[in-house]
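Trainee: build the 3D model from these lines:
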Amino acid sequence: MQYRLDTKSGNRLSVLGFGCMRLPGTLGKIDLGKTEELFIKAIEGGVNYFDTAYLYPGSEEAIGRIFEKRNFRDKVFIATKLPQSMCQKREDFDKYFDIQKKRLLTDHIDYYFMHNISDFKQWEKLISLGIKDWLASKKASGEIRRIGFSFHGSSADFGAMLDAYDWDFCQIQYNYMNTSYQAGTDGLKQAAALGLPVFIMEPLLGGKLASGLPKKAVAILKQADPRRSNAEWALRWVWEQAEPTLLLSGMNAVEQLEENLKLADEARPGMMTQADRAALAEAIEAFRGSYKVPCTGCNYCMPCPQKINIPSLFTAYNASFAIGKMYGINAYLSSAGAFSSEPHYASSCVKCGACEKRCPQHIAIRDSLVAVTRRLEPFYLKPLLKQASRAMR
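Mentor: Residues are numbered from 1 along each chain as shown. You can find the predicted model right below:
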């Protein structure tokens, strides 16, 4: 495992951080046995940074129970996040923070985020509620060690956030398809120039850069180096840059973890060759020609009042271009529950807009669902779908 220095604190952080938003489980319930196995292997492999949030269902509790059982707490750094959008008064800061400490079975948080800042006005609202004094008191007591923010807004708002507070770190979405999106490369370099550790989320774009690449892009990368997986190309791209302190990977299978641990042993700035960069640039151009909706599957748009599984339908839509239309239709029908008694199609959207208010990617979800309907609900399927639905009732 390679480590990079958090220059603000002196902490040595593993270049591979464990993202705990999508822990293994079924039907929304985390499988503690499988999660414990992953955590043990990760820590044995040198991972010392675990990222969770108040809004990740069951995640904080799982970390707390497993870390207490295995006496892992003092071996790792825990990062979690204040659900700032839910805070309406100063007392809410303590309410949510106390819940988080109880869930995590800890008396302090190593890295504490203002979660999902997408607009500078959100920070101004927190200031009006007294966040600065509250953070100062928690830092003085040792309950919070480092203070930062995770970002999903415009580049202009990112610069404003950097200047608004004496931050200890920040976190941005960054991958080879998002160099000019949100904070992007310019924001990464701006934060690093200020001496801030920068943590990278979505290095695989919600898994799309691992399993959702179009065939042409896959062929380009395989020709360049048949030994490497798609995920390896994406992780190498981040790690070869000096500015990122670590990247987060949501590893929910042993095979994923083992591959990432192996790669993290080699993670150094400048690790890609000129030929590597040329091949990846060619694959990026192929990808851009087929990737239609920039959804990362974060699920912040959910729940939909009409019970539409928005991220899954977008995944199917993108796959219909990247992999093939029939593949996309099959994935769409499965995601929409077409053969259940209560399907929820893209065409079920009533355009209420609730999803768009919560989307950190600022996707025009309502318009995009119209496009999904046109492509993946062809007229000749609709009578069959209605018949299948009636048969299930």
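Trainee: so which residues of the stretch 201-350 of the chain form helices?
Mentor: Applying DSSP state H, counting those that start in this stretch to the stretch 201-350 of the chain gives helices spanning 208-211, 215-224, 230-239, 254-264, 274-288, 310-322, 325-336.
Trainee: residue 158 versus the closest residue to residue 310 other than its chain neighbours, what's the distance?
Mentor: With sequence-adjacent residues excluded and distances taken as CB to CB, 6 or more residues apart in numbering, residue 310 is closest to residue 301, at 5.1 Å. Any C-beta I mention is one placed from the backbone N, CA and C, and that applies to glycine too. Note on residue 301: its distance to residue 158, by CB to CB, to the nearest Å, is 22 Å.
Trainee: so for the two, which sits in the more crowded spot?
Mentor: More crowded of residue 301 and residue 158, by other CB atoms under 10 Å: residue 158, with 24 against 21.
Trainee: which parts of the helix or strand harbouring that one are buried?
Mentor: According to DSSP states H and E, residue 158 maps onto helix 155-164. Buried positions in helix 155-164, judged by neighbour count with 16 or more other CB atoms under 10 Å: 155, 157-159, 161-162.
Trainee: nearest to residue 177 among these?
Mentor: Ranked by distance to residue 177 (CB to CB), the buried residues of helix 155-164 are led by residue 155 at 16.2 Å.
Trainee: so who does that closest one touch?
Mentor: Residues near residue 155 by CB atoms under 8 Å, 6 or more residues apart in numbering: 182-184, 186-187.
Trainee: and the furthest pair within those?
Mentor: Greatest spatial distance among the contacts of residue 155 (CB to CB): 182 and 186, at 10.4 Å.
Trainee: which one of those two has more residues nearby?
Mentor: residue 182 (21 against 13).
Trainee: gap between the residue nearest to the spatial centre of the chain and residue 121?
Mentor: Nearest to the centroid of the C-alpha atoms of the chain, with distances taken as CA atoms, centre = their mean, sits residue 202, at 4.5 Å. Using CB to CB, residue 202 is found at 23 Å from residue 121.
Trainee: what of residue 59?
Mentor: 28 Å.
Trainee: ok, the two, which is more surrounded?
Mentor: residue 59 (24 against 11).
Trainee: tell me the contacts of the more buried one?
Mentor: So residue 59 contacts 20-21, 23, 30, 52-53 (CB under 8 Å, 6+ apart).
Trainee: and what of residue 190?
Mentor: By CB under 8 Å, 6+ apart, the neighbours of residue 190 are 158-159, 162, 183.
Trainee: before we move on, what about residue 4?
Mentor: Residues near residue 4 by CB under 8 Å, 6+ apart: 12-13, 15, 244-246.
Trainee: neighbouring strands - and their directions - for the helix or strand in which it is found?
Mentor: Assessed by DSSP H and E, residue 4 sits inside strand 3-5. Strands that pair with strand 3-5, judged by DSSP bridges, come out as strand 12-14 (antiparallel).
Trainee: buried residues, the partner strand. List them.
Mentor: Of all the residues in strand 12-14, those buried under the rule 16+ other CB under 10 Å are 13-14.
Trainee: by mean pLDDT, which helix or strand of this structure comes out lowest?
Mentor: Within the chain, confidence by mean pLDDT, DSSP states H and E is lowest for helix 382-392 among all helices and strands, at a mean of 59.
Trainee: related to what we said a few turns ago, so which of the contacts of residue 59 is the most crowded?
Mentor: Neighbour max across the contacts of residue 59 (other CB under 10 Å) = residue 20, 27 neighbours.
Trainee: how near is it to residue 66?
Mentor: 11 Å.
Trainee: on that earlier part again, nearest to residue 356, of the helices of the stretch 201-350 of the chain?
Mentor: Closest among the helices of the stretch 201-350 of the chain, once you apply CB to CB, is helix 310-322, at 10.2 Å.
Trainee: any idea how far that closest one is from the chain center?
Mentor: 17 Å (CA atoms, centre = their mean, to the nearest Å).
Trainee: for that helix, name the packing helices and strands.
Mentor: helix 325-336, helix 365-376 (3 or more CB pairs under 8 Å, 6 or more residues apart in numbering; DSSP states H and E).
Trainee: which SSE is immediately downstream of the first one?
Mentor: Later in the chain than helix 325-336, the nearest helix or strand by DSSP H and E is helix 354-358.
Trainee: now that following helix: buried residues?
Mentor: Those would be 355-356, 358, for helix 354-358 by 16+ other CB under 10 Å.
Trainee: for the contacts of residue 4, work out which two are farthest apart.
Mentor: 12 and 244 (14.9 Å).
Trainee: what about the strand holding residue 4, average pLDDT?
Mentor: Taken as a whole, strand 3-5 has an average pLDDT of 97.
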